[in-house]
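Chemist: here are the coordinates; sequence isn't available:
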């Protein structure tokens with residue numbers, strides 16, 4: 001069924017959009033709460049968790065979801081502001097039917113979204129999402145008053161999650177004498193991430209930890225690490241940690257103020273697992289992962305496979321193969337030997353553990369991987385243009401690959417959200433990479449004229 005049906009509301013990571021525009025309206029979210037309550041009630045369990053990030057619209061949507069779930073006869077447990085991975089963890093350990101996250105991740109404050117976790121703390125399977133959409137087509141009916149769902153607040157949610165994060169690294173690790181700058185992106189980790197590292201003994205300098213409902217991800221966090229880089233240098237810190245608005249992404253900064261992206265973080269964690277004989281199987285990246293990551297892993301005898309862009313696809317490949325470690329350049333890192341979903345705090349702790357085990361700085365650890373220059377061009381393209389079937393484009397790609405040989409690669413990818421083709425060329429020489437990317441972009445422009 002899921003192979004032929006197209007979802008009307010659910011994307012690759014829940015339902016997301018601009019607040020006040022369909023479907024991110026109070027009316028729809030009320031009905032959505034009722035629909036998921038109806039579906040989840042069928043398995044005989046009881047109780048759904050609701051957590052949110054720090055967007056001002058979170059209050060409104062929390063109330064709407066709560067009303068919808070209650071109308072369906074489902075009990076609710078409210079977590080308040082909580083990182084997405086924290087909600088996944090608590091859904092699992094509190095034996096809830098499901099967890100609901102009110103967040104638009106790294107988007108600006110005027111966007112919001114709803115995503116769900118199963119009782120195992122993983123994303124919902126397609127069949128459940130289809131079942132929810134089916135319920136949305138039905139008229140909303142309220143259960144008899146004596147069966148209405150009740151709501152209660154989990155007062156120790158943050159403390160439970162902090163203890164879990166600390167448990168993902170060896171108890172012997174003591175961060176006394178280590179200075180860490182933590183950028184919380186004015187998001188859901190503001191009251192959690194600094195405390196995790198403080199309780200491990202570090203001197204913590206928090207930034208981006210004053211949310212006001214409107215400043216989430218604003219010139220800070222994992223998508224804008226400049227403020228973190230400046231703070232690390234100014235405070236002569238050992239490392240910097242940048243999270244995004246909902247806490248599932250991680251970008252780091254070394255003591256020199258240099259950015260350490262998701263590919264480099266993935267390399268460090270994978271090498272650490274190999275050194276401690278705890279790496280099971282290969283590592284999974286995406287088609288956008290730097291070629292330097294693939295080469296560095298293979299030099300160390302570590303297998304590497306690429307999935308489509310999106311942590312959902314990385315997760316799918318890991319689960320199919322029974323592997324544990326994967327991630328994206330953007331900082332979505334999956335350590336399935338530690339937790340069930342991408343977790344920025346847990347990923348940062350794995351890197352810190354690698355520093356502790358080796359005695360090396362973050363700068364030294366990342367130097368084991370050489371990033372290759374990449375040049376990306378977005379070429380305007382009509383959606384009807386048959387990129388794969390165009391012989392002129394195919395020949396041009398073949399010519400570029402022949403010139404690069406084994407020291408580079410080409411990726412042409414139609415955007416799923418914009419009328420463009422993304423042209424990416426990667427190789428050893430930056431000048432050559434730029435020239436070849438422009439060359440391919442021109443071929444695509446000319447091919448459309450003759451299409």
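Modeler: Sure, I can see it. All figures in this text were calculated on a predicted structure; none of them were measured in a lab.
Chemist: quick check, distance from the longest helix along the chain to the centre of its chain.
Modeler: In the chain, with assignment by DSSP state H, the single longest helix is helix 430-449. Taking Cα atoms, centre = their mean, to the nearest Å, one finds the center of helix 430-449 at 31 Å from the center of the full chain.
Chemist: And the contacts of it?
Modeler: 372-377, 379-382, 385, 387, 390, 392-393, 396-397, 400, 403-404, 408, 410, 412, 421, 423-427 (Cβ atoms under 8 Å, 6 or more residues apart in numbering). For glycine as for every other residue, the C-beta is placed from the backbone atoms N, C-alpha and C.
Chemist: Can I have the buried ones of the residues you listed as a PyMOL selection?
Modeler: Buried residues among those (16 or more other Cβ atoms under 10 Å), as a PyMOL selection:
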select buried, resi 372+373+374+375+377+379+381+385+387+390+393+396+397+400+404+408+410+412+421+423+424+425+426+427
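Chemist: Take the contacts of helix 430-449 and keep only those in strands.
Modeler: Of the positions in these, 374-377, 379-380, 408, 410, 412, 421, 423-427 sit in strands, assigned by DSSP state E.
Chemist: from the residues you listed, which is closest to residue 11?
Modeler: Closest approach to residue 11 among the ones in strands among the contacts of helix 430-449 (Cβ to Cβ): residue 421, at 20.9 Å.
Chemist: Enumerate the beta-bridge partners assigned to that closest one.
Modeler: Residue 421 has the following beta-bridge partners by DSSP bridges: residue 379, residue 414.
Chemist: the strands in the stretch 101-250 of the chain, which residues?
Modeler: 111-117, 151-153, 179-183, 203-207, 239-243, 250-253 (DSSP state E, counting those that start in this stretch).
Chemist: Which stretch among those is buried most, on average?
Modeler: strand 239-243 (a mean of 31; mean count of other Cβ atoms under 10 Å).
Chemist: residues making contact with that strand?
Modeler: With Cβ under 8 Å, 6+ apart, strand 239-243 has contacts from 83, 178, 180-185, 187, 189, 193, 197, 220-222, 225, 228-229, 231-232, 249-255, 344-345, 348, 352, 355, 362.
Chemist: Can you check which of the strands of the stretch 101-250 of the chain gets nearest to residue 367?
Modeler: strand 250-253 (13.8 Å).
Chemist: contacting residues around that closest one?
Modeler: 181, 222, 225, 228-229, 232, 239-243, 259-262, 265, 331, 333, 344-345, 347-348, 351, 362.
Chemist: Restricted to helices, list these.
Modeler: 228-229, 232, 262, 265, 344-345, 347-348, 351, 362.
Chemist: Pick out the most distant pair among those residues.
Modeler: Maximum distance among these (Cβ to Cβ): 19.6 Å, for 229 and 345.
Chemist: who's more crowded, those two?
Modeler: residue 345 (27 against 20; other Cβ atoms under 10 Å).
Chemist: Tell me the confidence at that one?
Modeler: pLDDT for residue 345: 98.
Chemist: Show me the beta-bridge partners of the residue nearest the centre of the chain.
Modeler: By Cα atoms, centre = their mean, the mean C-alpha position of the chain lies nearest to residue 332, the distance being 4.0 Å. Beta bridges link residue 332 to residue 249, judged by DSSP bridges.
Chemist: helix or strand for residue 31, which one?
Modeler: helix 26-40 (DSSP states H and E).
Chemist: follow-up on the earlier one: can you give me the buried ones in the longest helix of the chain?
Modeler: Residues 432-434, 436-437, 440-441, 443-444, 447-448 are the ones in helix 430-449 that count as buried (16+ other Cβ under 10 Å).
Chemist: and if you look at stretch 407-419?
Modeler: For stretch 407-419, by 16+ other Cβ under 10 Å, it's 408-410, 412-413.
Chemist: which of the buried residues of helix 430-449 lies closest to residue 280?
Modeler: Comparing the buried residues of helix 430-449 against residue 280 with Cβ to Cβ places residue 433 closest, at 34.4 Å.
Chemist: Any stretches of the protein with poor pLDDT?
Modeler: 1-3, 42-46, 416-417, 451 (pLDDT under 70).
Chemist: Could you chop it up by domain?
Modeler: Split into domains by automatic domain parsing, the chain comes to 15-155, 161-366, 374-449.
Chemist: The longest one spans what distance, first to last residue?
Modeler: Distance across domain 161-366, first residue to last, is 28 Å (Cα to Cα, to the nearest Å).
Chemist: Distance from that domain to the middle of the chain?
Modeler: The answer for domain 161-366 is 11 Å, by Cα atoms, centre = their mean.
Chemist: cool, and the first one?
Modeler: What separates the centre of domain 15-155 from the centre of its chain is 19 Å, taken as Cα atoms, centre = their mean.
Chemist: How many neighbouring residues does residue 198 have?
Modeler: So residue 198, with other Cβ under 10 Å, has 16 neighbours.
Chemist: which residue packs closest to it, ignoring adjacent ones?
Modeler: residue 204 (5.0 Å; Cβ to Cβ, 6 or more residues apart in numbering).
Chemist: which residues does the one you found contact?
Modeler: 179-182, 194, 197-198.
Chemist: For residue 22, which non-adjacent residue is closest in space?
Modeler: Per Cβ to Cβ, 6+ apart, closest to residue 22 is residue 28, 6.6 Å.
Chemist: neighbours around the one you found, how many?
Modeler: 20.
Chemist: pretty sure it contacts residue 20?
Modeler: No. Counting by Cβ atoms under 8 Å, residue 20 is not a contact partner of residue 28; they are 10.8 Å apart.
Chemist: For stretch 222-229, could you pull out the residues that count as buried?
Modeler: 222-225, 227-229.
Chemist: for stretch 137-145, same thing?
Modeler: residue 143.
Chemist: Also stretch 304-319?
Modeler: Neighbour-count burial for stretch 304-319 [16+ other Cβ under 10 Å]: 304-307, 309-311, 313-318.
Chemist: Next up, identify which helix or strand the residue nearest to residue 273 when sequence neighbours are not counted is on.
Modeler: Leaving aside its sequence neighbours, residue 273 sits nearest to residue 279 (Cβ to Cβ, 6+ apart; 3.6 Å). Using DSSP H and E, residue 279 maps to neither a helix nor a strand.
Chemist: what's the neighbour count on residue 279?
Modeler: Using other Cβ under 10 Å, residue 279 is surrounded by 22 other residues.
Chemist: For it, what are phi and psi?
Modeler: phi -90, psi 120 (degrees, to the nearest 10).
Chemist: cool, and the one 5 residues further on?
Modeler: The phi and psi values for residue 284, taken as degrees, to the nearest 10, are phi -110, psi 130.
Chemist: now residue 288
Modeler: Per degrees, to the nearest 10, the backbone of residue 288 is at phi -100, psi -10.
Chemist: Thought residue 308 was touching it, still the case?
Modeler: No. Residue 288 is not in contact with residue 308 according to Cβ under 8 Å; the separation is 9.5 Å.
Chemist: hmm, back to that, as JSON lines, the domains of the chain with distance to residue 5 would be great.
Modeler: Listed next are these as JSON lines, based on distance: least, Cβ to Cβ, whole Å:
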{"stretch": "domain 15-155", "distance to residue 5": "6"}
{"stretch": "domain 161-366", "distance to residue 5": "17"}
{"stretch": "domain 374-449", "distance to residue 5": "18"}
